[in-house]
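1. Below are the sequence and a predicted model; questions follow.
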Amino acid sequence: MNRIYLDNAATTLLEPAVLDAMMPYLTTHFGNPSAIYSYGRESRLAIENARKSVAKILHAHPAEIFFTSGGTESSNTAIMASVKDLGCKHIITSKIEHHATLHTAEHLYHTGETALSYVKLLPNGHIDMEDLEKLLAESAEKCLVTLLHANNETGNMIDIHEVGNLCKLYGAIFHSDTVQTIGHLPFDLRHAPVHFVTGAGHKFHGPKGVGILYINENVKIKPFMYGGSQERNMRAGTENLYGIVGFAKALELAAENYEHDSAYIKGLKVYMMEQLKKHVKGIAFNGDPLGRSLYTILNVSFPKTEKSEMILFNLDINNICASGGSACTSGADAGSHVIRAINNNPNQVAVRFSFCKYNTKEEINYVAEKLKEMI
């Protein structure tokens, strides 16, 4: 059996058509986009066409799209700028955010630059909207609300409009980490009450090391990195030319095939839930997998036994790639801060399976069989 890759929320396979679009910029069109001669102008044109394409798909203005090194840099930029440039003195976030958000918020709290509050969570892992309103209403300072659009471990989703309208009501800045949803869901940023959103190319079959930060045109911030005048004076450093071209191409393909791919992948997720319930006793699903949840992610709790404690290693030995919560802290598995926050059951072991259009039902059958043997 070939390797079965069920960790698409960590990263995805680079699509061949995306590599084809990138190749000319790795070979013949190698000019520095800031140069004035023809080589440079070709590169500059490629970047601006990519920006227009991304903006069109997300229903934003090209001037609102900034290319970055990925979701982590984008979130850091948005959060730091909200505090340093937009006067936010109180960050409201949740205990289940990605570390790119959590660690940035904690840093600003520890340096004394902001107050920090965590919104309560409901038993199914959703954000408690009543508590969010209470935190906003009680805050004497201007707030930054930063919440994941879709949680990278459970797939649970917030309603961007509901949260954004609440922020508007209380004069708060709203940043949403949309790394798991850009390239997987349609966006209409022109009508979304959000100041900042983030994207990363490698989550939807694009290249690693390239992302976007959407900054609403009404928001004025200072650069996060200084140096040259790249990205309209907002992000110094020679642009990741072939990465940017690849990001735009991957997003175009994702948008074109959204209807078909999302239905197919959702089918795989539901099928896996059925197979696991059939084959493995005592399992539970974390979050709200059939409710307001992203179709690419399934988080499963297995009963803790001597066997299941080594489940990720045993899956790996059987050529199955999955993660214990979040892949960004693999290596020495410190467990998942997300699962701890919503389901702190010491008698369960959580595994995240995440799917893409290249996965098959045959693979899921094989995984379910192996899990049955393991547990």
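-> Structure received.
2. Tell me where the stretch 1-150 of the chain has strands.
-> With DSSP state E, counting those that start in this stretch, the ranges of strands along the stretch 1-150 of the chain come out as 4-5, 65-68, 90-93, 115-118, 143-148.
3. which non-adjacent residue is nearest the residue most central in space within the chain?
-> By CA atoms, centre = their mean, the chain has its centre lying nearest to residue 179, at 2.3 Å. Distance criterion CB to CB, 6 or more residues apart in numbering; nearest residue to residue 179, sequence neighbours excluded, is residue 71 at 3.9 Å. C-beta here means a position set from N, CA and C on the backbone, and glycine is covered the same way.
4. Go ahead and confirm the one you found touches residue 97.
-> No: between residue 71 and residue 97 there is no contact under CB atoms under 8 Å: 11.8 Å.
5. quick one: which of those two has more around it?
-> Higher neighbour count among residue 71 and residue 97: residue 71, with 26 against 23, using other CB atoms under 10 Å.
6. give the contact list for the closest residue in space to residue 97 that isn't next to it in sequence.
-> Residue nearest to residue 97 in three dimensions, not counting chain neighbours: residue 148, with 5.7 Å by CB to CB, 6+ apart. Contact analysis of residue 148 by CB atoms under 8 Å, 6 or more residues apart in numbering lists 94, 96, 97, 98, 101, 158, 176, 177, 180.
7. per-residue pLDDT, the residue nearest to the centre of the chain?
-> Residue 179 is assigned 98 on the pLDDT scale.
8. Which stretches in the stretch 251-375 of the chain count as strands?
-> Secondary structure of the stretch 251-375 of the chain, counting by DSSP E, counting those that start in this stretch: strands at 284-285, 297-303, 320-321, 348-354.
9. The second one to strand 348-354, inter-axis angle?
-> Put plainly, it is strand 297-303. Strand 297-303 and strand 348-354 meet at an angle of 160 degrees, taking axes from the mean of the first three to the mean of the last three CA atoms, to 10 degrees as the criterion.
10. And for strand 297-303, what's in contact with it?
-> With contacts defined as CB under 8 Å, 6+ apart, strand 297-303 is touched by 9, 150-155, 180, 269, 272-273, 276, 280-287, 289, 308, 311, 325, 339, 343, 345, 347-355, 371, 375.
11. repeat for the third one
-> Contacts of strand 320-321 from elsewhere in the structure, counted by CB under 8 Å, 6+ apart, are 3, 4, 5, 6, 7, 315, 366, 367, 370.
12. mind checking how far the second one is from residue 321?
-> Read it as residue 4. 7 Å (CB to CB, to the nearest Å).
13. Also residue 368?
-> 16 Å.
14. beta partners of the closest residue to residue 78 other than its chain neighbours?
-> Of all residues not flanking residue 78 in the chain, residue 196 sits nearest, at 3.7 Å (CB to CB, 6+ apart). Legend: beta-bridge partners of residue 196 under DSSP bridges are residue 175, residue 215.
15. is it true that residue 196 touches residue 215?
-> Yes: using CB under 8 Å, residue 196 makes contact with residue 215 at a distance of 6.0 Å.
16. and for those two, which residues touch both?
-> residue 78.
17. Comparing those two, which residue is more hemmed in?
-> For the pair residue 196 and residue 215, the greater number of neighbours falls to residue 196 (26 against 23), based on other CB under 10 Å.
18. who touches the more buried one in this structure?
-> Counting by CB under 8 Å, 6+ apart, residue 196 touches 74, 78, 82, 173, 174, 175, 176, 213, 214, 215, 216, 219.
19. quick one: which of those residues is nearest to residue 248?
-> residue 214 (14.1 Å; CB to CB).
20. which residue packs closest to that closest one, ignoring adjacent ones?
-> Counting by CB to CB, 6+ apart, residue 214 lies nearest to residue 197, which is 4.6 Å off, once chain neighbours are set aside.
21. Can you give me the distance of that neighbour to residue 71?
-> 10 Å.
22. ok, back up a step: I'd like to know which of the strands of the stretch 1-150 of the chain lies nearest to residue 190.
-> Closest of those to residue 190 is strand 65-68, at 12.6 Å (criterion: CB to CB).
23. Next, count neighbours for residue 271.
-> Close neighbours of residue 271, defined as other CB under 10 Å, add up to 15.
24. Could you check how far it is from residue 137?
-> Remark: distance between residue 271 and residue 137 (CB to CB) = 44 Å.
25. Look up the residues forming beta bridges with residue 301.
-> Note on residue 301: beta-bridge partners by DSSP bridges are residue 284, residue 350.
26. Spell out the secondary structure type for residue 171.
-> What DSSP: H, G, I helix; E, B strand; the rest coil gives for residue 171 is coil.
27. can you pull the contacts of it?
-> When contacts are counted by CB under 8 Å, 6+ apart, residue 171 is found next to 142, 143.
28. how far away is it from residue 89?
-> In this structure, residue 171 lies at 12 Å from residue 89, with CB to CB as the measure.
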